[in-house]
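Engineer: Next comes the sequence, and after it the predicted model I'd like to discuss.
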Amino acid sequence: MILIRILFSGIAILMVFLGNTQEYNDPDQRYDIDSLHTALTHAKSDSSKLEILKHIGQRYRNLAKLDSSIHYYQKALEVLQSGDFPMIYQVWESATLQHLAVITGNYSMAMYYATLSL
């Protein structure tokens, strides 16, 4: 268990140096986010909500609004945890959140999501 934690810590540190917070200023991103918010309010199934939340998180990530991106990926993880989805989906979302937490310098959050994905 200690070896796994050391491994994830090393990976987290490596991700800091390799992390990419490149900003993509696509004017359609804003419109797209607004459309996704509207779709989210009308989504009925958990799988639809999950996909929309992930898309919103990705759009905010593309705009380098990482706090907003983390927020929507956390909401996606909540949907996964409350629904009947394969466990691997939770691992993937946790890994995404870990990566974003490392990029923002929130190492305690990164360690939390690294541990959650084990």
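Structural biologist: Happy to help now that I have it.
Engineer: now this structure, which segments are flagged as low pLDDT?
Structural biologist: Applying pLDDT under 70 to the chain flags the ranges 1-31.
Engineer: Let me see the ranges of the strands in it.
Structural biologist: Ranges of strands within the chain: none, based on DSSP state E.
Engineer: what's near enough to touch the spatially closest residue to His37 that is not a sequence neighbour?
Structural biologist: Spatial nearest neighbour of His37, chain neighbours left out: Ile56 (7.0 Å); criterion: Cβ to Cβ, 6 or more residues apart in numbering. C-betas here are computed from N, CA, C, even on glycine. With contacts defined as Cβ atoms under 8 Å, 6 or more residues apart in numbering, Ile56 is in contact with 33, 36-37, 40, 72.
Engineer: In PyMOL, select just the buried ones from these.
Structural biologist: In PyMOL syntax, the buried subset of those is picked out as below (16 or more other Cβ atoms under 10 Å):
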select buried, resi 33+36+40+72
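Engineer: Could you save the contacts of Ile56 as TSV and add columns showing distance to Ser108?
Structural biologist: Below are the contacts of Ile56 laid out as TSV (distance: Cβ to Cβ, whole Å):
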residue	distance to Ser108
Ile33	28
Leu36	29
His37	29
Leu40	29
Tyr72	20
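Engineer: which one of the contacts of Ile56 is nearest Thr96?
Structural biologist: Here the nearest of the contacts of Ile56 to Thr96, counting by Cβ to Cβ, is Tyr72; it sits at 10.6 Å.
Engineer: residues near the nearest residue to that closest one once chain neighbours are set aside, how many?
Structural biologist: Leaving out its chain neighbours, the residue that sits closest to Tyr72 by Cβ to Cβ, 6+ apart is Gly57, at 3.8 Å. Gly57 has 25 neighbours, counted by other Cβ atoms under 10 Å.
Engineer: same thing with the one 3 residues further on?
Structural biologist: Residue neighbour count, defined by other Cβ under 10 Å, stands at 21 for Tyr60.
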